[in-house]
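Chemist: Okay, predicted coordinates and the sequence, questions at the end:
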Amino acid sequence: MSYYKIENLENYFKMYNKSVREPRKFWGKIADENFSWYQKWDKVFEFDIQESNFKWFVDAKLNITKNCIDRHLARRGEKTALLFEPNSPDESAQHISYNELYIRVSKMANVLREQGIKKGDRVCIYLPMIPELAVSVLACARIGAVHSVVFAGFSATALSTRINDSQCKMVITSDGSYRGNKTIDLKVIVDEALEKSPVVEKVLVVKRTSSQVVMKNSRDFWLQPLLDEALSNNVAEIMDAEDPLFILYTSGSTGKPKGMVHTTAGYMVQTAYSFKNVFNYEENDVYWCTADIGWITGHSYILYGPLLNGATTVIFEGVPSYPDFSRFWEIIEKHQVNQFYTAPTAIRSLAKESLDFVQRFPLKSLKVIGSVGEPINEEAWHWYNAHVGGKRCPLVDTWWQTETGSIMISPIPFVTPTKPTYASLPLPGIQPVLMDELRNEIEGNQVTGSLCIKFPWPSMARTIWNDHQRYKETYFTAFPGKYFTGDGALRDEVGYYRITGRVDDVIIVSGHNLGTAPIEDAINEHPAVAESAIVGFSHDIKGNALYGFVILKEIGETRNQENLVKEINQLISDQIGPIAKLDKIQFVSGLPKTRSGKIMRRILRKIAEGDFSNFGDISTLLNPEIVEEIKEGKL
């Protein structure tokens, strides 16, 4: 029996039980049968839970790009690896074969070496979603340099903070980027960032927008002339299983970003395995994840997971609203996409628009649709299922985190029945548990608690760059011996998991613990509401009260807002109880969100409290301008 592909529900349970009883055998067999190694491991894993130290495939030697590219060349050399769809629909798409990808990555790897980058050095990549981004990431992995991708839209301050934390020797950027109808001058941002980042020795610049840029002598180099001179083959560096592959910064509760470190072998094995099963990928499928490479979904499910499986993966430079709100559906039809993976925030924004935008396209090529980034609310789930999936495509509502590296809980298409708003069952090898406030494991079904993982898994982040103590305290002290996800969850009568939101999004009102997610779900069922976010604020009598930020489907909704407030609170009262009614409801045109679509509740809490100081660097938000608008409208 192959452990790599889950065929049916009976097979799932058999495989899951084996993964729990015999994790060494389970992961060892997957790694042994499906990947290329220079040297096999001495042990599948070893760990010290007290010190939060974890190792997988101990002493194995490999290079992840040999598995992403080289081993596919004999059979899939002419197959499209990267399918680049530019920002403008008037610009032609690019189909980059595995053979061409090998040449481009080899040339880039040789350029990096010639510019002084060696194994273990950190390279910051600040590029738009263009092929050079994927090539740069893979070239770093090819030579053993640690890549740190920063989303091309973060401010100079955010960029310099990340460069300085990981001491990057090089930045790879472009003259500019296209984002919808905007052009962003990336090189200008890099120049400003490097005024505070003297550690950077070289800057390589891709020509994308032909913007006028200033090139600093001996530091800045146009990339293309260097590539033109580079050799088209390259010997991949031999890496240890636990050598760092990349650093990816994620928001910290204190405002200081955490540099999560993912290592090579375990990340490779589990991202490949999860991609194959969660998306039911088959040989000639075209797969598209709409994320940006710069948050974990882009790393795991635009690049590494698909390429490890020899897939065709779409890279999209643009946004869903440009040139109009049919762009996603037009691309699916144009490239006959089979698997489509996007964020609930994108689905909600598109659901606000006319159905004509989606209904003009048959979308018959789709086989699986997916959701990522946050729990998807029921209204968005049904819209997505009906209008995109045609009620025939399994909707995989995936739960995982930057820290986990790969998908942890998800339906398996055509295997696990789906249920709206439920991530369903854990993938084989993943052991979730619910914990109570006394740190006891909660047995049985129809229960709620704090979601933890009680056994290590291969793709888990190993540490926070230069701060292992913070890693240990953040993830392994709240519930000793277990990884604490920070999320609350419920387990239903059949054992399905539903993520109820961050545990710190529980607000105590008059002694009652109220989770924000169920309240938001209730509000979002109102026919006039597109999206909502709930936070607590200080109250003289209740201790805390609830403040709602609500986006209406129609901007400038003409209905009496006083009536809307009453209707929303009546919905909450009917579904949850009068204790959960909102003291304040502010109607807004948007919510402050990260690039991955997560609502920055920290900012909303400060606004609700009337504290407009020290929001931190809001330029890293998807829509920083919304903060001022919400401040001005505070009740």
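Modeler: Perfect, thanks for sending it. It should be emphasised that the depicted structure is a prediction, and the values quoted were computed from it without experimental measurement. Numbering: from 1, shown residues only.
Chemist: State the distance from the closest residue to Leu194 other than its chain neighbours to Arg327.
Modeler: Leaving aside its chain neighbours, Leu194 sits nearest to Val200 (5.5 Å; criterion: Cβ to Cβ, 6 or more residues apart in numbering). C-beta here means a position set from N, CA and C on the backbone, and glycine is covered the same way. The gap separating Val200 from Arg327 is 35 Å, by Cβ to Cβ, to the nearest Å.
Chemist: same thing with Glu10?
Modeler: 41 Å.
Chemist: Which of the two has more residues huddled nearby?
Modeler: Higher neighbour count among Glu10 and Arg327: Arg327, with 21 against 9, using other Cβ atoms under 10 Å.
Chemist: wait, isn't that one in contact with Gly318?
Modeler: Yes. Counting by Cβ atoms under 8 Å, Arg327 does reach Gly318; the two are 6.5 Å apart.
Chemist: Hmm, Tyr4 and Asn34 touching each other?
Modeler: Yes. Using Cβ under 8 Å, Asn34 is in contact with Tyr4, at 5.4 Å.
Chemist: who touches both of these two?
Modeler: Tyr273 (Cβ atoms under 8 Å, 6 or more residues apart in numbering).
Chemist: Tell me which of the two has more neighbours.
Modeler: Here Asn34 and Tyr4 are compared on neighbour count by other Cβ under 10 Å; more neighbours surround Asn34, at 19 against 15.
Chemist: so what's the more buried one up against?
Modeler: Contact partners of Asn34, counting by Cβ under 8 Å, 6+ apart, are Tyr4, Val269, Ala272, Tyr273.
Chemist: Confirm His95 sits in a strand?
Modeler: Yes. Using DSSP: H, G, I helix; E, B strand; the rest coil, the secondary structure at His95 is a strand.
Chemist: hey, what's the residue lying closest to it once chain neighbours are set aside bridged with?
Modeler: Leaving aside its chain neighbours, His95 sits nearest to Thr80 (4.5 Å; criterion: Cβ to Cβ, 6+ apart). Assessed by DSSP bridges, Thr80 has beta-bridge partners Ser97.
Chemist: neighbours of Thr80, just the number please.
Modeler: Counted with other Cβ under 10 Å, the neighbours of Thr80 add up to 21.
Chemist: What residues does it make contact with?
Modeler: His95, Ile96, Ser97, Thr312.
Chemist: Check those residues for burial and list the buried ones.
Modeler: Buried subset of the contacts of Thr80 (neighbour count, 16 or more other Cβ atoms under 10 Å): Ile96, Ser97, Thr312.
Chemist: Tabulate these (CSV), appending pLDDT.
Modeler: Listed next are the buried ones among the contacts of Thr80 as CSV, based on pLDDT from 0 to 100:
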residue, pLDDT
Ile96, 98
Ser97, 98
Thr312, 98
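Chemist: which one among these gets closest to Glu283?
Modeler: Thr312 (9.7 Å; Cβ to Cβ).
Chemist: Quick check: bridge partners of Ile551?
Modeler: Glu531, Val588.
Chemist: so it sits right up against Ser589, yeah?
Modeler: Yes. In this structure Ile551 lies within contact range of Ser589 using Cβ under 8 Å: 6.7 Å.
Chemist: Show me which of these two is the more surrounded one.
Modeler: Applying other Cβ under 10 Å to Ile551 and Ser589 shows that Ile551 carries more neighbours, namely 19 against 13.
Chemist: What's the separation between the more buried one and Asn385?
Modeler: The spacing between Ile551 and Asn385, counted by Cβ to Cβ, is 22 Å.
Chemist: low pLDDT regions in the chain?
Modeler: Along the chain, segments meeting pLDDT under 70 span 1, 251-255, 505-506, 508, 510-513, 555-559, 577, 595-596.
Chemist: how does it look with 50?
Modeler: Along the chain, segments meeting pLDDT under 50 span 253-254.
Chemist: just the helices in the stretch 151-300 of the chain please.
Modeler: Ranges of helices in the stretch 151-300 of the chain, per DSSP state H, counting those that start in this stretch, are 156-166, 186-194, 223-229, 265-278, 296-298.
Chemist: Save these as JSON lines, and put in mean neighbour count and distance to Tyr126 too.
Modeler: Shown next, in JSON lines, are the helices of the stretch 151-300 of the chain (neighbours: other Cβ atoms under 10 Å; distance: least, Cβ to Cβ, whole Å):
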{"stretch": "helix 156-166", "mean neighbour count": "21", "distance to Tyr126": "6"}
{"stretch": "helix 186-194", "mean neighbour count": "22", "distance to Tyr126": "6"}
{"stretch": "helix 223-229", "mean neighbour count": "14", "distance to Tyr126": "13"}
{"stretch": "helix 265-278", "mean neighbour count": "27", "distance to Tyr126": "22"}
{"stretch": "helix 296-298", "mean neighbour count": "26", "distance to Tyr126": "14"}
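Chemist: want to try TSV for those, with distance to Lys581 as columns?
Modeler: Compiled in TSV, these are given as follows (distance: least, Cβ to Cβ, whole Å):
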stretch	distance to Lys581
helix 156-166	38
helix 186-194	44
helix 223-229	57
helix 265-278	38
helix 296-298	35
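Chemist: Out of those helices, which gets nearest to Leu635?
Modeler: The closest of the helices of the stretch 151-300 of the chain to Leu635 is helix 156-166. By Cβ to Cβ, the value is 30.4 Å.
Chemist: Output the closest one in PDB with nothing but the alpha carbons.
Modeler: Only the C-alpha atoms of helix 156-166 are listed here, as PDB (Å, rounded to 0.1, in the frame of the first residue of the first chain):
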ATOM      1  CA  ALA A 156      10.900  50.600   3.900                       C
ATOM      2  CA  THR A 157      10.700  50.400   7.700                       C
ATOM      3  CA  ALA A 158       9.100  46.900   7.600                       C
ATOM      4  CA  LEU A 159      11.700  45.800   5.000                       C
ATOM      5  CA  SER A 160      14.700  47.100   6.900                       C
ATOM      6  CA  THR A 161      13.500  45.500  10.200                       C
ATOM      7  CA  ARG A 162      13.400  42.100   8.500                       C
ATOM      8  CA  ILE A 163      16.700  42.600   6.700                       C
ATOM      9  CA  ASN A 164      18.400  43.600   9.900                       C
ATOM     10  CA  ASP A 165      16.900  40.800  12.000                       C
ATOM     11  CA  SER A 166      18.300  38.100   9.800                       C
END
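Chemist: Good, we can wrap up now.
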